[in-house]
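>>> take this sequence and fold it.
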Amino acid sequence: MNFALILAGGTGQRMGNVQVPKQFLLLNNKAILLHTLEKFYLLKEEFEKIIIAAHPSWFAYTRDLIEKNFAPDAEVFEVITGGGTRHDTVKRGLSFLQNNFELTSNDIILTHDAVRPFISYKIIKENIEKTLQFSAVDTVISSIDTIVYSEDGEQISEIPERSKYYHGQTPQSFKIQELIDIYNNVSEKNLDNTTDVAKLYRLLNKTVYLVKGEQLNFKITTPFDLTIARALLERDGKGD
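All right, here's what the predicted structure looks like:
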């Protein structure tokens, strides 16, 4: 079985003075979260369940939003309460699966940021295919700009070879049983020192393969990102 876990528990502090978390800000009169969910919904045959991990304060709002916009097919989705960190949220998603499904070693989970609404079907399908083949994959794009490394934030320490560096996106996708084992074996110190799930695999010397992402699969984090997203929809004839 394939599952998707949409990480929608953020509060959007970098978005500035807004009244709602960034995943509920509007693009084309529709919440960013809904744009993201629609991409997975249109591939619903690929998934046993699409899970949305919501902030506790916005749990009911998220559930009502989905029921209103996806009725009568809202049972495709399941809203759960997210945790205080990315790792906590992913672990809550895993616990939900363990408690509600008979999992096998071939079952996989795609974890995706709610505020990456321009994800393509190609990226989703390749995450499924490569995770079934390799057990753990991370979506990335090649670095276009020169990478500058500084140890003190004041001067250049090193300029590494750009061709070997990538920018991480999501989905990050894993075989569920292996991901559960990762969380069972990683130290609390390592959990506290990283927010990236794929990095936990590397800390335990596990292999993570790459899925090629796309520039459009960017994360809406700042007001500038929101402006770009709205401009993209207007360019494609979907603006307000």
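>>> which other residues reach the worst-scoring helix or strand of the chain on mean pLDDT?
Counting by mean pLDDT, DSSP states H and E, the weakest-scoring helix or strand in the chain turns out to be helix 188-193, with a mean of 89. In this structure, residues lying in contact with helix 188-193 by C-beta atoms under 8 Å, 6 or more residues apart in numbering are 87, 200, 203. From N, CA and C alone the C-beta is placed, and that goes for glycine too.
>>> after that helix, which helix or strand is next?
Per DSSP states H and E, the first helix or strand lying C-terminal to helix 188-193 is helix 197-203.
>>> quick one: which of the contacts of helix 188-193 is nearest to Glu126?
Nearest to Glu126 among those is Leu200, at 21.9 Å by C-beta to C-beta.
>>> and the pLDDT for that closest one?
Confidence at Leu200, expressed as pLDDT, is 95.
>>> residues near it, how many?
Around Leu200 there are 23 other residues, counting by other C-beta atoms under 10 Å.
>>> so for the biggest strand by length in the chain, mean pLDDT?
The longest strand of the chain (DSSP state E) is strand 166-175. Mean per-residue pLDDT for strand 166-175: 97.
>>> what of stretch 223-240?
Mean pLDDT, computed over stretch 223-240, is 83.
>>> again with stretch 4-22
On average, stretch 4-22 scores 79.
>>> is it true that Thr36 touches Ala4?
No: contact criterion C-beta atoms under 8 Å: Thr36 and Ala4 do not qualify, at 10.0 Å.
>>> give the residues shared as contacts by the two.
Joint contacts of Thr36 and Ala4 (C-beta under 8 Å, 6+ apart) are His112.
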